[in-house]
Structure formats: structure tokens, C-alpha cells
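> Structure for this input, please:
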Amino acid sequence: MEASPLIGQLEILIKGMLGKETLLDLIRHFIVFETSKKEDNAGITMIETVKKIAAYHQYYAVNRAVDSTLRASGFITKSQKLNDSIVVHSPEAHGLKSSQVQKIGD
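Residues are numbered from 1 along each chain as shown. Alright, predicted model coming up:
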């Protein structure tokens, strides 16, 4: 049997997005419904609703940005723990300071 290039993507999906907490968060906060009106050639107006869900990278980037914003605004203090489980690559790995060591309000 030949290796499929999809195996890596499926493994990321299963481990990264289908855990209980992640899936519930994704359903609760990362699904939107977009409604648009379309008119056909006969002049009949139809309403179409499309459900959109965040992609893997969007989900993790948004959660990290929210955590960083809450820390910087002082809403979360250093004694409270940010959701470190969403960080795939730490800022230190790229030569940057961790948001954990920055001053509140920075």
C-alpha cells in the first residue's frame, strides 16, 4: 500500500481539531452563517444561507490573538494561565519574547 499525502492532514485534523474541548469551542465560537439574496433570470429572489467554519490555522491564530490581547489589556493577570495548549510554535523558537514575560499593557 502506498503512503497517501492525506494521512498527515487527516492526523492533524483528528488530533488538532476533533478533541472534545477544541471541537466544542469550534462549534460555539467559530461558525458563522452568511445570508445572501440572489435573483434568477425570471426575477425570482431567492435567499441562500451558507454555513462557514474556521480552518485549522484560523482557529489557532484567533485564539492566540485573543489570549495575547487579554494579557496585554490586563484583563488576565500573570497569576492566571493563558491557554498555552493552542501554541504550536513558541515565540522564543523564532527569537522573540514570549507574551508571558511582557508587561501588562504592552
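> Pairing partners for Glu39 in the sheet, please.
Beta-bridge pairing for Glu39 (DSSP bridges): Thr45.
> I figured it hits Thr45, correct?
Yes - assessed by Cβ atoms under 8 Å, Glu39 is found in contact with Thr45 at 5.1 Å. All C-beta spots, glycine's among them, are computed from the backbone N, C-alpha and C.
> Need the overlap of contacts for the two.
Common neighbours of Glu39 and Thr45, counting by Cβ atoms under 8 Å, 6 or more residues apart in numbering, are absent.
> pLDDT-wise, which helix or strand of the chain ranks last?
helix 6-17 (a mean of 76; mean pLDDT, DSSP states H and E).
> list the helices and strands whatever helix or strand comes next after it packs on?
Where DSSP states H and E defines the elements, the next helix or strand beyond helix 6-17 is helix 20-29. Judged by 3 or more Cβ pairs under 8 Å, 6 or more residues apart in numbering; DSSP states H and E, helix 20-29 is in contact with helix 6-17, helix 56-73.
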